[in-house]
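# what's the 3D shape of this:
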Amino acid sequence: MELSWLMKLRIAAAATIGVLLIGILAWPFAEPFSAVKAMGSRGAAVLVVLAFVAGFIGYFVSWPFGREIGILAVPFGLAIWAVRSGSMAGLIQLNPTAAQRQALVASLRLEPFFWLIIVAAGFAGVLLGRKICSSKNLKQTQEKSKSGPGKYLNAILALACSGFIAQFCIRIVAQDVRVLDNTLGSVIAQPAVGQVVFAVLVSFGCAAFVAKKFFNVSYIWPSIASAFVTAFMATVYAREVPYLVQNWPAAFFSNSVISVLPVQMVAFGTLGSIAGYWMAIRYEYWRKHEIK
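Below is the predicted model of the structure:
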């Protein structure tokens, strides 16, 4: 089940649409670090519209697999923002006092859900494109989930499991200088952006793989979990702020999950979730056909 060159071109086309509309065209509405605060309500509304348009166009440029590939447009566009938005350490350096950091943490609890709305707007654009075409010949590659209470239980379990797996893996993969601390056990310096990107992609890829294999759910639930991971870790960090302000520079955290910006977590968490979902499907295909 290797990807054909035509399929790779479709993926590249959808990614290009997202990069152009979200990553480049919408960038003037943002500034490094706290992108949501910088863009304001007008910029946020424009970003939602552009995300919808990116998903809509992404559906058609990746035809006839628009439903499967078009959803990649917005996450790829946000990935440009995620790479260009600096680091969590840089953001914290702009808020040196304990009171400023507590206010920052309060905003970080909600910010990842804004980025989820942007991703959802792209999904909505894909769904509109699919509805317009409504082709009966569109190949369905996703398996139908079981109906009834079990479906919702699986979704809840997948959401919780994805969040746990992702944050556990990020702690392991995203590494930098680690120093022992008598109170927190240890603190870790801000990992490089490339290290953060790799850690989030791999971690949510693993989470989505497990969610698909054991709960038979789509990449949607691991993607949603990306926002909850950031919100939860922001709450953890809030309790540690007074101690960290007094004892450590802004570039140090109790664990590496806190060092991931919300836009980085959602953008690469979504891309990783989609990749992990399809890896699980490919694995099941391999088990059924290759090992016989």
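# low-scoring stretches of this structure, by residue?
1-2, 30-40, 135-149, 290-292 (pLDDT under 70).
# the strands in it, which residues?
Secondary structure of the chain (DSSP state E): strands at 178-181, 185-189, 252-253.
# Ala82 is nearest to which of those?
With C-beta to C-beta as the criterion, Ala82 lies closest to strand 252-253 of those, at 17.9 Å. (Glycine included, C-beta is placed from N, CA and C.)
# Test my guess that Val236 contacts Leu244.
No: here Val236 lies out of contact with Leu244, judged by C-beta atoms under 8 Å, at a distance of 11.6 Å.
# ok, those two, which is more surrounded?
Taking other C-beta atoms under 10 Å, Val236 and Leu244 do not tie; Leu244 has more neighbours (22 against 15).
# Which residue, other than its chain neighbours, is closest to that one?
Leaving aside its chain neighbours, Leu244 sits nearest to Phe252 (7.0 Å; criterion: C-beta to C-beta, 6 or more residues apart in numbering).
# and among the strands of the chain, the most buried is which?
Most buried of the strands of the chain, by mean neighbour count (mean count of other C-beta atoms under 10 Å): strand 252-253, with a mean of 24.
# what bridges to the residue nearest to Leu244?
When assigned by DSSP bridges, Phe252 has beta-bridge partners Ala189.
# Look up how far Arg282 lies from it.
To Arg282, Phe252 is 40 Å away according to C-beta to C-beta, to the nearest Å.
# what's around Lys212, how many residues?
When neighbours are defined as other C-beta under 10 Å, Lys212 has 26 of them.
# could you list every residue that touches it?
The contact partners of Lys212, taken as C-beta atoms under 8 Å, 6 or more residues apart in numbering, are 218-219, 276-277, 280-281.
# Dump the residues you listed to JSON lines, plus neighbour count and distance to Ile132.
JSON lines is the format used below for the contacts of Lys212 (neighbours: other C-beta atoms under 10 Å; distance: C-beta to C-beta, whole Å):
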{"residue": "Ser218", "neighbour count": "19", "distance to Ile132": "22"}
{"residue": "Tyr219", "neighbour count": "26", "distance to Ile132": "23"}
{"residue": "Gly276", "neighbour count": "26", "distance to Ile132": "30"}
{"residue": "Tyr277", "neighbour count": "26", "distance to Ile132": "25"}
{"residue": "Ala280", "neighbour count": "20", "distance to Ile132": "30"}
{"residue": "Ile281", "neighbour count": "16", "distance to Ile132": "26"}
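# Which one of those residues is nearest to Arg109?
For the contacts of Lys212, the residue nearest Arg109 by C-beta to C-beta is Tyr219; the value is 23.6 Å.
# I'd say the closest one and Tyr277 touch.
Yes: contact criterion C-beta under 8 Å: Tyr219 and Tyr277 qualify, at 3.9 Å.
# and for these two, which residues touch both?
Counting by C-beta under 8 Å, 6+ apart, the residues touching both Tyr219 and Tyr277 are 208, 211-212.
# Using JSON lines, lay out these together with distance to Phe198.
Listed next are the shared contacts of Tyr219 and Tyr277 as JSON lines, based on distance: C-beta to C-beta, whole Å:
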{"residue": "Ala208", "distance to Phe198": "16"}
{"residue": "Ala211", "distance to Phe198": "20"}
{"residue": "Lys212", "distance to Phe198": "21"}
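# Thank you, goodbye.
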